[in-house]
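*Asks:* sharing a model prediction with you, sequence too.
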Amino acid sequence: MTGFDFTAKRLFVRAPLSAGGVIDLDRDQVNRLTNVLRLKAGDGILAFNGRDGEWTARLVEAGRRRWRLEVVARARVQTPAPDLHYLFAPLRQARLDYIVQKAVEMGVGRLSPVLTRHGQVVRPGHARMAANAVAAAEQCGILSIPVIDEPVSLATVLDTWSARQPGRRLVFCDEGAADADPLAILAGLAAGSLAVLVGPEGGFAGEERARLNRLDFVTALPLGPRILRADTAAVAALALVQAALGDWRRAPPAPH
């Protein structure tokens, strides 16, 4: 993201973006722009929709309590959505907010709640997760909003994995493998599509962990000698995967 202006105000919109376009803003967007960000008529903002790249735009007052954006010019072309998937046992609200935000910041392209034996939350709020994903993307200069799946059981995920995710390896955070070197494990994996699975606060049930370890598309990943909270484990695992196999790796130097 070389050259990105981190002081710029950004807004996610659902409407198409093109030069000369006009976008009517809803009440929440108006509140954020005028009351939270303190923008005035004529001020500039960057708008993105996850499809058409990022565009400069002007805030325009269109009547009593009505505001719109006038789209000016493209600032950045759309980049492909990240290919890294994050599967997680849902947590309670504040900590679920945190892991959704951090996953987006860490370059996750798909969020998949997974119901496990020891999980505490059965049905996380989809709208709340989507709002947190948008907020993280707005704040961090990200152009793509991740797909957010409906929750399904771990058994269903594993039963259908090969058909629905052909060629994608599932890396699961295994609290029972604390003595192994996580970087060495990741270095031994072939390049390709990845997903990261983090269990609930109580850990995976014995039969869940045993099944995961039997599957040929699954790799167990330890996270060190300490027991981590599920939200901490998410950040640690995603950082390891991105550093070893993901988009944190430096591109090779250009030949002289």
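*Replies:* Thanks, I have it. Residues are numbered from 1 along each chain as shown.
*Asks:* going forward, measure contacts between C-alpha atoms and count neighbours the same way
*Replies:* Fine.
*Asks:* point out where the stretch 151-256 of the chain drops to low pLDDT.
*Replies:* Scanning the stretch 151-256 of the chain for pLDDT under 70 picks out the ranges 178, 250-256.
*Asks:* quick one, strands of it?
*Replies:* For the stretch 151-256 of the chain, the strands defined by DSSP state E, counting those that start in this stretch cover 152-153, 169-173, 194-198, 218-221.
*Asks:* and these: which comes nearest residue 230?
*Replies:* Of all the strands of the stretch 151-256 of the chain, it is strand 194-198 that lies closest to residue 230, at 6.9 Å by CA to CA.
*Asks:* how about the residue positioned nearest the centre of the chain, secondary structure?
*Replies:* In the chain, the residue lying closest to the centroid (CA atoms, centre = their mean) is residue 104, at 2.6 Å. State at residue 104, reduced to three classes by DSSP: H, G, I helix; E, B strand; the rest coil: helix.
*Asks:* ok, back up a step: for the strands of the stretch 151-256 of the chain, give me a markdown table that also has mean neighbour count and distance to residue 132.
*Replies:* As requested, the strands of the stretch 151-256 of the chain are arranged in a markdown table below (neighbours: other CA atoms under 10 Å; distance: least, CA to CA, whole Å):
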| stretch | mean neighbour count | distance to residue 132 |
| --- | --- | --- |
| strand 152-153 | 16 | 21 |
| strand 169-173 | 23 | 24 |
| strand 194-198 | 22 | 19 |
| strand 218-221 | 22 | 27 |
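*Asks:* pipe the ones you listed into CSV and attach distance to residue 92 per row.
*Replies:* CSV is the format used below for the strands of the stretch 151-256 of the chain (distance: least, CA to CA, whole Å):
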stretch, distance to residue 92
strand 152-153, 17
strand 169-173, 20
strand 194-198, 15
strand 218-221, 24
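*Asks:* ok, which of those comes nearest residue 97?
*Replies:* Closest to residue 97 of the strands of the stretch 151-256 of the chain is strand 194-198 (CA to CA; 15.4 Å).
*Asks:* what's the angle from that closest one to strand 169-173?
*Replies:* 20 degrees (axes from the mean of the first three to the mean of the last three CA atoms, to 10 degrees).
*Asks:* what lines up beside strand 194-198 in the sheet?
*Replies:* Under the criterion DSSP bridges, strand 194-198 sits next to strand 84-88 (parallel), strand 169-173 (parallel) in its sheet.
*Asks:* so how far is residue 148 from residue 126?
*Replies:* For residue 126, the distance to residue 148 (CA to CA, to the nearest Å) stands at 8 Å.
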